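# Kindly generate the corresponding structure for this input.
(one chain, ligands or ions: 2)
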Amino acid sequence: MRLAWATDVHLNFVDERGVDAFIGAVQKLGVAALILSGDIGEAENADYFLTRIGDGVAIPTYFVLGNHDFYGGTFKETRHKVKRLTAEKPNLFYLSASDPIVSGVDLAIVGHDGWADGRLGDYDESDLVLNDYVLITDFRPIKVTEGSLPLRPKSERLKLMQAQADEAARHLEWQFSVLAASTKHIVVVTHVPPFREACWHNGRISDDRSLPHFANKVVGDMLLREAERRADCQLTVLCGHTHSGGEARITDNLTVITGGAEYGKPKIQRVIEIS
Ligand SMILES: [Fe+2]
Ligand SMILES: [Fe+2]
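Numbers count the residues shown, from 1 in each chain. Ligands and ions are numbered 1, 2, ... in the order given. You can find the predicted model right below:
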C-alpha cells in the first residue's frame, strides 16, 4: 500500500492556484491514501481547505489538526466544525475523533493533534511566547487590561497545554488498545514531535528554551510503552510543527519522521510504502 504524507501545508498562505497545484501533485502520485499531520489552515478556513483537498484528491484522507488550525478560534468549536465536515465527507477522516484505521491484517493508522506539554526542556526559564498563546481563544485571558499583553499567566498556559497533550496521549492509548496484537505496522500521525530527538528546528534539535513549546513528552512516553509491548510491530510516527525535517530512530521498532516545511510552499513529504 502506498500512502502520501504531507505536513504543515498552511494553505492559507497560497492562492487558489497553489491549492490546486498541491492537489494535482497528490493526484499524480496515484497513491491509495493521503495523510496530513496538521497546520492545514486556520480556524476559519481549515474546513474549507479540507473540503478542497478531500474533493480534489478523491482518496481516503487521514488528518489531524495542528496549532495553526485553531488560530482565531477555540479548540472546541474548531474540532466540532471539522468533525461535522467529516460526517458529510466519507473520504475525510479526523484521526483525533476516530477509531483506528485498519487496513488488512497488517497495517493500522492512528493519530491525534497532540500538543506541546512543557515537560521537555526548561519551561520555567523559557521566555518563548508562541502565537498560539495570543491567537487561540482558549489561551486568552478572561479579562484584558488596557496596555497589557493579552496573555494568561505562564502557569495557566502550561495547564492548558498539558490538558491538550494529555488528551492526545489518552486517545492514542485507547486507539492502540483496540488494535490486534498481531498488527505488524502502526502509523501514528500527530502534529507535535513526541521526542527531543525528533524535535528538529532550523536544522538542529531544539534547545531547552524551545522544547517545552515544541515537543509532546507525554505522547512520547506512551509510544515507548507501546513499542516495548509490541516488539514485533513497527511503529512509524509522522509529525511536523517545527518545519525542520529529520528522522529519529528511538528504538528498534519506533521511528519518528519530522517533516520540513516552508510557508507558501506546500509539498508532499514522502510516499510511504507499506507491504
Ligand atoms: Fe506549521
Ligand atoms: Fe504547528
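# Next up, the contacts around the residue lying closest to residue 23 once chain neighbours are set aside.
With sequence-adjacent residues excluded and distances taken as CB to CB, 6 or more residues apart in numbering, residue 23 is closest to residue 56, at 3.5 Å. The way it works is simple: take the backbone N, C-alpha and C, and place the C-beta from them, glycine included. Residue 56 makes contact with 19-20, 23, 26-27, according to CB atoms under 8 Å, 6 or more residues apart in numbering.
# and these, which are buried?
19, 23, 26 (16 or more other CB atoms under 10 Å).
# give me the element the second one is part of.
With the criterion set as DSSP states H and E, the secondary-structure element containing residue 23 is helix 16-29.
# Extract the C-alpha set from that helix and format it as CSV.
What follows is helix 16-29 as a C-alpha-only set of coordinates in CSV (Å, rounded to 0.1, in the frame of the first residue of the first chain):
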residue,chain,number,x,y,z
GLU,A,16,-6.4,29.0,-5.1
ARG,A,17,-3.9,28.0,-7.8
GLY,A,18,-1.5,27.0,-5.1
VAL,A,19,-4.2,24.8,-3.6
ASP,A,20,-4.9,23.2,-7.0
ALA,A,21,-1.2,22.6,-7.5
PHE,A,22,-0.9,20.8,-4.2
ILE,A,23,-4.0,18.6,-5.0
GLY,A,24,-2.5,17.9,-8.5
ALA,A,25,0.8,16.8,-7.0
VAL,A,26,-1.1,14.3,-4.8
GLN,A,27,-3.2,13.0,-7.8
LYS,A,28,-0.1,12.5,-9.9
LEU,A,29,1.3,10.1,-7.3
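# In terms of secondary structure, what does whatever helix or strand comes next after that helix contact?
Going down the chain from helix 16-29, the next helix or strand is strand 33-37, by DSSP H and E. Judged by 3 or more CB pairs under 8 Å, 6 or more residues apart in numbering; DSSP states H and E, strand 33-37 is in contact with strand 2-6, helix 46-57, strand 61-64, strand 185-190, strand 234-239.
# and with 6 Å instead?
strand 2-6, strand 61-64 (3 or more CB pairs under 6 Å, 6 or more residues apart in numbering; DSSP states H and E).
# right, is that strand up against ligand 1?
No: using CB under 5 Å from the ion, strand 33-37 stays clear of ligand 1, coming no nearer than 9.6 Å.
# pull the CA atoms of that strand into PDB?
Provided in PDB are the C-alpha atoms of strand 33-37 (Å, rounded to 0.1, in the frame of the first residue of the first chain):
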ATOM      1  CA  ALA A  33      -4.500   7.400   0.600                       C
ATOM      2  CA  LEU A  34      -3.200  10.800   1.900                       C
ATOM      3  CA  ILE A  35      -2.100  11.600   5.400                       C
ATOM      4  CA  LEU A  36      -2.000  15.200   6.700                       C
ATOM      5  CA  SER A  37      -0.300  15.900  10.000                       C
END
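# Quick one: mean pLDDT over the helix holding residue 23.
For helix 16-29, the mean pLDDT works out to 98.
# Same question for stretch 59-67.
98.
# Equivalent analysis for stretch 35-43, please.
98.
# The helix or strand of the chain with the lowest mean pLDDT packs against which elements?
When each helix and strand of the chain is scored by mean pLDDT, DSSP states H and E, strand 101-103 comes last, with a mean of 91. Using 3+ CB pairs under 6 Å, 6+ apart, no helix or strand is in contact with strand 101-103.
# Alpha carbons only: can I get the helix or strand following that strand in CSV?
Scanning forward in sequence from strand 101-103 by DSSP H and E, the next helix or strand is strand 107-112. Extracted C-alpha coordinates of strand 107-112, given in CSV (Å, rounded to 0.1, in the frame of the first residue of the first chain):
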residue,chain,number,x,y,z
LEU,A,107,-1.5,-2.1,8.9
ALA,A,108,-3.2,0.4,11.1
ILE,A,109,-3.2,4.2,11.2
VAL,A,110,-3.9,6.1,14.5
GLY,A,111,-3.5,9.7,15.4
HIS,A,112,-4.3,12.8,17.4
